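J.: just the structure for this:
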Amino acid sequence: MQKEQSFIPPRLELFSDAVFAIIITIMVLELRPPTGHYFADLLAVFPIFLSYVLSFMYLLIYWNNHHHLLRAMRTPTPGIMWANAHLLFWLSLIPFATAWLGESHGAFAPVLLYGFMLLAAAFAYSILQAHIVAQHEEDSQVTRDFKFENDFKGKASIALYVLAIGAAFVSPIISYIIFALVAVMWLVPRHLVR
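T.: Next comes the predicted model:
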């Protein structure tokens, strides 16, 4: 079988990379040092730092997978461009949710909002994925690698986000654990079209 041509439109990829960079910059600017001058004073900002680390991991995972997904695109269509913008919209809200999550020290509403934003971003990614897969034949390697029906991690992530949102009503700490488990699951890359 002949390897499919991949085309990465520089404008779409560069714009997306710039948005990722801005999101991460905004998030890091939210980190403030403690008011004291001792190492013990760092304990007060530890929850904020943990929420930053979790969100930074998520953003890097999205950035990495987004890069591979765009490599599978043949040409940018209006549907792909709007689906990409939809994904970037939800990702751009992560700094807000991260700041509230870190400041809340595990309160119900911020955990619920964070879970909802992760769920919305996962749905938006699957929409972008579907638009790119639609450019390829049913028996292509791209379809096998990226079709949502074949995407165990994508389906598992959505299910776990829904579980985490439900768990927030019982114990926000369970939601935190689920968020971390999903991030760890995505740290191991899957086989992708080169």
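J.: going forward, measure contacts and count neighbours with C-alpha atoms only.
T.: OK.
J.: can you pull out the helices in this protein?
T.: Listed in chain order, the helices of the chain (DSSP state H) span residues 10-29, 46-71, 78-92, 94-104, 108-133, 141-146, 152-168, 172-187.
J.: and those, which one is worst for confidence?
T.: Across the helices of the chain, the stretch with the lowest average pLDDT is helix 141-146; it has a mean of 71.
J.: ok so, going back, so which of the helices of the chain gets nearest T35?
T.: T35 lies closest to helix 46-71 among these, at 13.2 Å (Cα to Cα).
J.: L50 - how many residues pack around it?
T.: 14 (other Cα atoms under 10 Å).
J.: what sits against L101?
T.: Applying Cα atoms under 8 Å, 6 or more residues apart in numbering to L101 gives the contacts 48, 51, 107, 110-111, 114.
J.: redo the helices of the chain as JSON lines? Include distance to H37.
T.: Listed next are the helices of the chain as JSON lines, based on distance: least, Cα to Cα, whole Å:
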{"stretch": "helix 10-29", "distance to H37": "20"}
{"stretch": "helix 46-71", "distance to H37": "15"}
{"stretch": "helix 78-92", "distance to H37": "33"}
{"stretch": "helix 94-104", "distance to H37": "20"}
{"stretch": "helix 108-133", "distance to H37": "29"}
{"stretch": "helix 141-146", "distance to H37": "50"}
{"stretch": "helix 152-168", "distance to H37": "35"}
{"stretch": "helix 172-187", "distance to H37": "29"}
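J.: and A40, which of those helices is closest to it?
T.: Where the helices of the chain are weighed against each other on Cα to Cα, the nearest is helix 46-71, at 10.4 Å.
J.: mind listing what's buried in that closest one?
T.: Going by neighbour count (16 or more other Cα atoms under 10 Å), the buried part of helix 46-71 is 47-49, 51-52, 54-63, 65-66, 68-71.
J.: on contacts alone, who are the packing partners of that helix?
T.: Contact analysis of helix 46-71 by 3 or more Cα pairs under 8 Å, 6 or more residues apart in numbering; DSSP states H and E lists helix 10-29, helix 94-104, helix 108-133, helix 172-187 as its packing neighbours.
J.: of all those, which lies closest to N84?
T.: Comparing those by Cα to Cα, helix 108-133 comes nearest, at 6.0 Å.
J.: what angle separates the closest one from helix 172-187?
T.: For helix 108-133 and helix 172-187, the angle between their directions (axes from the mean of the first three to the mean of the last three Cα atoms, to 10 degrees) works out to 30 degrees.
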